[in-house]
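> sequence unknown, structure follows:
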Ligand code: SMO
């Protein structure tokens with residue numbers, strides 16, 4: 001489907017969301033008024049792996065304000081929903097909402113305490129005694145990948161440790177035959193540790209049982225209200241129509257609120273069981289220990305070059321970590337990383353092998369970028385190292401190997417179809433903004449003065465949103481318009497963008513358009529807000545429905561006109577190029593990101609201010625992942641970075657200025673020519689920062705570095721070298 005994107009709007013409205021947000025009138029999870037609601041707290045596993053021998057809730061039951069303590073005996077054994085089968089599962093572990101016999105991660109829900117206040121519920125939960133027989137835990141063993149071989153079908157979770165665990169899922173892409181000889185081979189191995197999404201608002205869920213109708217209203221901060229409703233209805237044994245799911249204002253999601261958790265389902269189940277209204281808001285500690293985590297991979301690759309510098313072969317081995325249970329999108333990061341390689345480059349032959357293995361730890365799900373950052377990180381470090389080895393400038397080497405704009409649409413060796421993009425133009429534009437030649441000159445001068453300075457580049461491609469999104473457009477007799485979308489917002493500003501899109505398509509003013517999202521009673525069934533898809537696909541559904549409504553109106557149909565529509569699309573591929581300059585303190589290794597320049601192409605942009613905000617926000621999380629953030633489990637599977645005292649999120653003074661320049665190559669796949677923008681900052685920025693650090697240390701030879709790029713790691717890399725020199 002090809003179409004001309006709409007003309008750029010002359011007046012860009014301010015965010016209609018901001019007034020309520022800035023005046024404290026927003027309605028986040030805890031703001032939902034539910035007088036008389038009981039509060040829930042979860043009794044959670046203190047062990048990563050144990051047999052549960054017994055549970056004593058007698059003391060807790062008698063505590064002030066406690067209504068009841070519920071276990072799987074009272075609530076029944078309910079399984080988590082099946083996951084998105086984008087990759088085949090080699091074995092499937094049953095996972096029940098409440099643990100019954102075996103505990104498989106620290107933080108796993110074992111019982112639900114219901115009390116009159118949140119504090120009473122939490123105090124009582126702390127008094128529930130679990131009798132356990134502790135078992136050895138399998139945790140992430142990055143750097144010990146041999147143990148992930150296959151011998152038998154023992155998953156990590158139920159392994160008796162006499163055999164290594166088998167991966168839960170695998171993927172591979174092969175194309176052409178790898179050359180047996182080549183002029184240069186670059187080789188890297190990088191760990192990208194688990195991180196937390198750190199939404200400002202922790203998870204929150206409330207549920208109200210309506211005894212008269214035997215139905216339930218649930219308030220859940222969710223990226224996917226339609227699927228969450230279906231999941232809840234299944235567990236509760238209700239029809240979809242008997243569950244209303246409302247996703248209110250949500251203080252950030254980033255993938256971590258894309259799939260329902262056992263806790264969400266237990267809130268709904270408890271409301272039904274007690275025929276009551278109940279609510280739960282996670283503490284920050286609960287989000288750390290038992291929320292959905294992101295990343296967690298070890299990436300290895302080899303890039304072969306011929307004597308002219310052309311990429312002749314890429315091999316990659318990707319090892320991803322999964323938690324004790326699988327959220328709906330658990331296999332997406334591995335699938336994305338494997339299929340995106342080799343990124344924006346032509347590579348004659350390729351062999352990409354990937355696997356994901358469950359360990360006794362919190363679940364891993366999609367997190368802003370979901371496999372795209374890993375693909376960029378591996379490919380771009382290989383390219384930079386190859387450039388050093390071949391003695392070719394990294395910009396020149398890239399220009400030699402980038403897929404040409406004239407080759408679009410381009411089918412990659414992995415079988416993906418890149419829809420559009422001009423990667424060489426992006427690289428040139430980034431070079432211009434960065435003033436690359438002068439930067440290299442200054443780097444040489446500073447190095448000569450004994451300074452440690454590195455310049456890092458990264459290009460990336462970013463598949464954005466396959467599948468469908470829905471829209472319902474209503475033209476009212478008074479001229480007002482209602483647009484209902486299946487894609488809710490968690491801070492992105494969809495109400496502003498969707499109103500703009502509808503107004504443009506209908507030829508009316510955006511102020512006449514009311515946008516409804518995140519309420520299954522008022523919105524059509526949809527996919528939801530994830531995979532950078534809402535503007536491209538959700539926006540196109542709105543355009544399509546508006547065009548039909550307009551035709552009906554112009555054809556003389558009488559009001560009100562209601563049009564239900566959906567738009568289905570192939571993936572649009574965003575792309576970009578990031579350049580960073582990083583200096584390292586020679587005494588402490590402390591890195592300083594001195595410059596960050598980014599040329600981004602997200603296709604046609606509907607609202608430049610909102611798109612810019614998405615880019616900057618994504619870059620902040622990208623800087624966090626690269627420089628600061630790491631979830632650490634000890635050998636017993638205890639999370640040792642479970643608070644903001646131990647886990648470093650970027651603060652304002654950690655953020656460099658982000659110099660953004662943009663290209664706008666429209667996607668032919670949707671009615672707006674739009675591509676994704678929300679995840680981009682997490683994709684290119686970390687890879688460029690890794691390359692800047694490696695470039696800074698390159699006078700020492702090739703240094704193996706991992707995320708996050710702490711001063712300690714960089715300092716050690718310097719010392720190891722000096723010791724070798726002695
Ligand atoms: S990581 Mo996004 O919510 O697809």
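Thanks, I have it. Only a predicted model underlies this, so the values are computations on that prediction, with no experimental measurement involved.
> who's in contact with the closest residue to residue 124 other than its chain neighbours?
Counting by C-beta to C-beta, 6 or more residues apart in numbering, residue 60 is the residue found nearest to residue 124 once chain neighbours are left out, at 4.1 Å. All C-beta spots, glycine's among them, are computed from the backbone N, C-alpha and C. When contacts are counted by C-beta atoms under 8 Å, 6 or more residues apart in numbering, residue 60 touches 66, 69, 113, 124, 125, 127, 128.
> which residues does the residue of the stretch 1-150 of the chain at minimum distance from the ligand contact?
Evaluated by C-beta to the nearest ligand atom, the stretch 1-150 of the chain has residue 84 as its residue closest to the ligand, separated by 11.4 Å. With contacts defined as C-beta under 8 Å, 6+ apart, the neighbours of residue 84 are 328, 329, 331, 332.
> pLDDT score for it?
The predicted local confidence for residue 84 comes out at a pLDDT of 95.
> so it sits in a strand?
No - if the criterion is DSSP: H, G, I helix; E, B strand; the rest coil, then residue 84 is coil and not within a strand.
> and residue 96, bridged to which residues?
Residue 96 forms beta bridges with residue 79, as assigned by DSSP bridges.
> count of neighbours near it?
Residues within reach of residue 96, counting by other C-beta atoms under 10 Å, total 19.
> thought it was touching residue 73?
No - because the distance of 12.0 Å does not satisfy C-beta atoms under 8 Å, residue 96 is recorded as not touching residue 73.
> nearest the middle, which residue of the protein would you pick?
residue 367 (1.8 Å; C-alpha atoms, centre = their mean).
> that older thread, please narrow the contacts of residue 60 to those residing in strands.
66, 69, 113 (DSSP state E).
> just the strands from the stretch 551-700 of the chain, written as ranges.
Under the criterion DSSP state E, counting those that start in this stretch, strands of the stretch 551-700 of the chain are mapped to 561-569, 572-584, 591-601, 658-663.
> closest to residue 492 out of those?
With C-beta to C-beta as the measure, strand 572-584 is the member of these nearest residue 492 (15.2 Å).
> just the closest residue of the stretch 251-400 of the chain to the ligand, please.
residue 255 (2.8 Å).
> residue 572 - how many residues pack around it?
The local packing count at residue 572 equals 31, with neighbours defined by other C-beta under 10 Å.
> specify the beta-bridge partners of it.
If you apply DSSP bridges, the partners that residue 572 bridges to are residue 464.
> got it, and residue 169?
Beta-bridge pairing for residue 169 (DSSP bridges): residue 89, residue 356.
> assumed residue 511 was part of a strand.
No - assigned with three-state DSSP, residue 511 falls outside any strand and is helix.
> and it, how far from the ligand?
From residue 511 over to the ligand the distance is 30 Å, taken as C-beta to the nearest ligand atom, to the nearest Å.
> look at that residue and report its pLDDT.
For residue 511, the pLDDT comes out at 95.
> go on, residue 558?
Predicted confidence (pLDDT) for residue 558: 86.
> tell me how many other residues surround it.
Residue 558 is flanked by 8 other residues according to other C-beta under 10 Å.
> roughly how far apart are it and residue 583?
According to C-beta to C-beta, to the nearest Å, residue 558 stands 68 Å off from residue 583.
> what of residue 610?
As judged by C-beta to C-beta, residue 610 and residue 583 stand 33 Å apart.
> of those two, which one has the most company?
residue 610 (22 against 19).
> any stretches of the stretch 1-150 of the chain with poor pLDDT?
1-13, 141-150 (pLDDT under 70).
> and the strands in it?
38-44, 50-56, 66-70, 102-103, 109-115, 129-134.
> in a helix, that's where residue 503 is, yeah?
Yes - applying three-state DSSP, one finds residue 503 inside a helix.
> turn the ones in strands among the contacts of residue 60 into CSV, columns for distance to the ligand and neighbour count.
As requested, the ones in strands among the contacts of residue 60 are exported to CSV (distance: C-beta to the nearest ligand atom, whole Å; neighbours: other C-beta atoms under 10 Å):
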residue, distance to the ligand, neighbour count
66, 37, 23
69, 34, 25
113, 31, 28
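> one step back: would you list the phi and psi of the residue of the stretch 1-150 of the chain closest to the ligand?
phi -70, psi 110 (degrees, to the nearest 10).
> can you list the residues of the stretch 251-400 of the chain near the ligand?
Counting by C-beta under 6 Å from any ligand atom, the residues of the stretch 251-400 of the chain close to the ligand are 255, 258, 366, 367, 368, 370.
> remind me which helix or strand the fourth one belongs to.
When elements are defined using DSSP states H and E, residue 367 is found to belong to no helix and no strand.
> do you know the pLDDT at it?
pLDDT, residue 367: 98.
> can you name the farthest residue from the center of the protein?
residue 556 (46.0 Å).
> and that residue, how far is that from the ligand?
Between residue 556 and the ligand the computed distance is 43 Å (C-beta to the nearest ligand atom).
> need phi/psi at that residue.
Torsion angles at residue 556 (phi, psi; degrees, to the nearest 10) stand at phi 100, psi 10.
> for the nearest residue to residue 105 once chain neighbours are set aside, what are its contacts?
Sequence neighbours aside, residue 324 is the residue nearest to residue 105 in space, at 4.1 Å (criterion: C-beta to C-beta, 6+ apart). Contact analysis of residue 324 by C-beta under 8 Å, 6+ apart lists 93, 95, 104, 105, 108, 157, 358, 359, 360, 361, 362, 363.
> residue 190 sits in which helix or strand?
strand 184-196.
> number of nearby residues for residue 95?
Here the count is done by other C-beta under 10 Å, and residue 95 has 18 residues near it.
> do I have it right that it meets residue 80?
Yes - in this structure, residue 95 is within contact of residue 80 by C-beta under 8 Å, at 4.8 Å.
> overlap in contacts, those two.
Going by C-beta under 8 Å, 6+ apart, residues that sit against residue 95 and also against residue 80 are 262, 325, 326.
> where does the stretch 601-726 of the chain dip in pLDDT?
Short version for the stretch 601-726 of the chain, where the test is pLDDT under 70: 722-726.
> for the ligand, what's the nearest residue on it?
Distances from the stretch 601-726 of the chain to the ligand, computed as C-beta to the nearest ligand atom, single out residue 679 as the nearest residue at 6.2 Å.
> give me the neighbour count for that residue.
For residue 679, the count of nearby residues is 26 (other C-beta under 10 Å).
> tell me the mean pLDDT over the helix or strand containing residue 226?
Assigned by DSSP H and E, residue 226 belongs to helix 225-236. Across helix 225-236, the average pLDDT comes to 98.
> around the ligand, which positions in this protein sit nearby?
Selection of the chain residues close to the ligand by C-beta under 6 Å from any ligand atom yields 223, 255, 258, 366, 367, 368, 370, 530, 531.
> return the member of those residues nearest to residue 631.
The shortest separation between residue 631 and any of the residues of the chain next to the ligand is 11.3 Å, and it belongs to residue 367 (by C-beta to C-beta).
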